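Student: Got a sequence here, can you build the structure:
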Amino acid sequence: MNVLRTPDDRFSDLPDFPYEPRYTEVPDGDGGTLRIHHIDEGPADGPVVLCMHGQPTWSFLYRKMVPILSGAGLRVIAPDLVGFGRSGKPAAREDFSYNGQVAWMNAWLAANALQGVTFVGQDWGGLIGLRLVAQNPERFDRVVISNTGLPLPRALPQDRIDAVKKFRSNAPTPTMSEMGKALSGRLDVPNELRFAYWQKWAWETENLPVAMIIAGTMRDAPLSPRELAAYDAPFPDAAYKMGPRAMPSLVPTLPDDPAIPAQEAAWKVFSEWRKPFVCAFTDDDPVTRGGDAPFRERVPGAAGQPHTTIEGGGHFLQETRPEPFAQVIIEAIQRSSR
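Tutor: Numbering: from 1, shown residues only. So this is what the prediction gives:
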């Protein structure tokens, strides 16, 4: 496996992110190793909060929340997924899979011997992290999720499955505008094709505009030039962007996806999960709005929890609503620790 490493000087001018980088080597599954980066802030003996980011961000996304959480006496650990941030970046698309990302982060979790963890996940951080929780329930005390899911696609007629696959393979690359309209429901296409526009655009846009994607979701919290540069910092050129490009296509959206057996196994665990499970989704994320419902309905530990709908936070609420999201986490820990 050919793994790229972003030069350290790309991270020399990060606003509000003065945290010491820490690294863990894990097997890459191909006879070599991968370096996974994380930050570890707050009291060493404090309750552990594992904050996992999604696509196309990195641990920088949590910079506004780290001082709030650590100030409440919590130990905040935020890793970078493989292909993102300061972590190693495999250079080929076939290096990436949903199950592979889970395996890499499982190795990282075991190497760091974390226990008594509160898991916090958003976007792909939830998709991967919830699988970690399901596979290592003894390490986790509670779960807080936002704008994420554990996709288990519903059955579709074969002709509609074929239509999605044909679109992915043969349709022209959508424009960024078409992709945005499809995701938000403003383009007249079948429901099963909406997310496929995002998948196809992300994969076929070789030099994916990472910072522009993130900035485009910010309605009332525009990013500064230095913040935009920080989101682009992990990617010196297009060769480093295989992770952000590949990950959308790995979301299981069809019933024959290779990740389905592992998804079903995870849902079996959560159908019996009685530890606290809290949802804090925003009300205006076009991709995940309403995605809390399956968890609230199917996870026993979600019953009686003060689930929260955060107003106007968009997709990346760590940027737009860091205080209320952090408070949900703090209160979840305080409530179940009494």
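Student: Could you use CA atoms for every contact and neighbour count after this?
Tutor: OK.
Student: As a check, name the ranges of all strands in this structure.
Tutor: 3-4, 22-27, 33-41, 48-52, 75-79, 89-90, 117-122, 140-146, 277-282, 308-310 (DSSP state E).
Student: Name every strand pairing with the longest one and say which way it goes.
Tutor: The one in question is strand 33-41. Strand pairing for strand 33-41, determined by DSSP bridges: strand 22-27 (antiparallel), strand 75-79 (antiparallel).
Student: Got the domain ranges for the protein?
Tutor: Domain assignment for the chain by automatic domain parsing gives 3-153+257-337, 158-250.
Student: L61 and D237, how far apart?
Tutor: The gap separating L61 from D237 is 21 Å, by Cα to Cα, to the nearest Å.
Student: can you check V66 too?
Tutor: 29 Å.
Student: Looking at these two, which has the bigger crowd around it?
Tutor: V66 (27 against 13; other Cα atoms under 10 Å).
Student: How about that one, nearest residue that isn't a chain neighbour?
Tutor: Residue nearest to V66 in three dimensions, not counting chain neighbours: V76, with 6.5 Å by Cα to Cα, 6 or more residues apart in numbering.
Student: Tell me what the one you found is bridged to.
Tutor: Beta-bridge partners of V76, as defined by DSSP bridges: E41, V49.
Student: need the contact list for it.
Tutor: 39-42, 48-51, 66, 69-70 (Cα atoms under 8 Å, 6 or more residues apart in numbering).
Student: Quick one: which of those residues is the most crowded by neighbours?
Tutor: That'd be V49 among the contacts of V76, by other Cα under 10 Å, with 29 neighbours.
Student: Any figure for the gap between that one and V117?
Tutor: Taken as Cα to Cα, the span from V49 to V117 is 6 Å.
Student: try L61
Tutor: 20 Å.
Student: Comparing the two, which residue is more hemmed in?
Tutor: The neighbour comparison of L61 against V117 (other Cα under 10 Å) goes to L61, with 23 against 20.
Student: Which one of the domains of the chain has the poorest average confidence?
Tutor: Ranked by mean pLDDT, the domains of the chain bottom out at domain 158-250, with a mean of 93.
Student: Tabulate the contacts of V76 (TSV), appending distance to E272.
Tutor: Listed next are the contacts of V76 as TSV, based on distance: Cα to Cα, whole Å:
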residue	distance to E272
I39	32
D40	31
E41	32
G42	32
V48	23
V49	22
L50	22
C51	23
V66	31
L69	29
S70	31
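Student: between these, which is nearest P322?
Tutor: Checking the contacts of V76 against P322 with Cα to Cα, the nearest one is V66 at 9.4 Å.
Student: Now do the helices in this structure.
Tutor: 66-71, 98-111, 124-135, 158-170, 176-183, 191-204, 210-215, 225-232, 242-246, 260-270, 293-298, 317-320, 322-337 (DSSP state H).
Student: For the third one, what is the distance to the chain centroid?
Tutor: Taking Cα atoms, centre = their mean, to the nearest Å, the mean C-alpha location of helix 124-135 is offset from the chain mean by 9 Å.
Student: and the angle from that helix to strand 48-52?
Tutor: For helix 124-135 against strand 48-52, the angle by axes from the mean of the first three to the mean of the last three Cα atoms, to 10 degrees is 130 degrees.
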